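Asks: here you go, sequence then predicted model.
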Amino acid sequence: MPVTGETDLRRLLAGLDPVLHDGEYVFVTLPDRETPPGTRPVFVFEEDEGRTLVLPRAEAEEAGLDGVFPSAWITLRIHSSLEAVGMMAAIATALAEAGISCNAVSAFYHDHLFVPPDRARDAVAALRDLAG
């Protein structure tokens, strides 16, 4: 199977091109694995303990779901390969050095970071610095 996306660490970091999405997002868990109607999660993951969703905070509240880790959502617009080595380590290090917590999700085309809303602009700046 051919590799899709960028694998070269220098090109990955140079091309991060972070974009900050509007709104605030939260993480919720659904032990019964039933996603409430009317919700549009941006991320869904199945774990032994239940289904994890990341969705807009307003949708979670409207559906009566208890969300944790209110977050800003940053997408890295470089098409990174799922086989790339070192990119997330470099990002995690840069954000840790800035004192910013981060939950990362890798999808087929892009990587997505969820950071505290009050540190979102700092996170974008740190990522741009990392890109050089």
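Replies: Received, thanks.

Asks: I'd like to know how far the nearest residue to F108 once chain neighbours are set aside sits from R128.
Replies: Take F108 and drop its neighbours on the chain: the residue closest to it by Cβ to Cβ, 6 or more residues apart in numbering is L82, 7.2 Å away. (C-beta placed from N, C-alpha, C; glycine too.) Using Cβ to Cβ, to the nearest Å, we find L82 at a distance of 24 Å from R128.

Asks: would you map the helices across this protein?
Replies: Counting by DSSP state H, the segments of the chain that form helices are 9-14, 57-62, 87-97, 120-131.

Asks: next, format those helices as a markdown table and append mean neighbour count.
Replies: Conversion of these to a markdown table gives the following (neighbours: other Cβ atoms under 10 Å):
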| stretch | mean neighbour count |
| --- | --- |
| helix 9-14 | 16 |
| helix 57-62 | 16 |
| helix 87-97 | 16 |
| helix 120-131 | 17 |
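
Asks: quick one: the ones you listed as CSV, columns for distance to I78 too.
Replies: Converted to CSV, those look like this (distance: least, Cβ to Cβ, whole Å):
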stretch, distance to I78
helix 9-14, 6
helix 57-62, 27
helix 87-97, 9
helix 120-131, 9
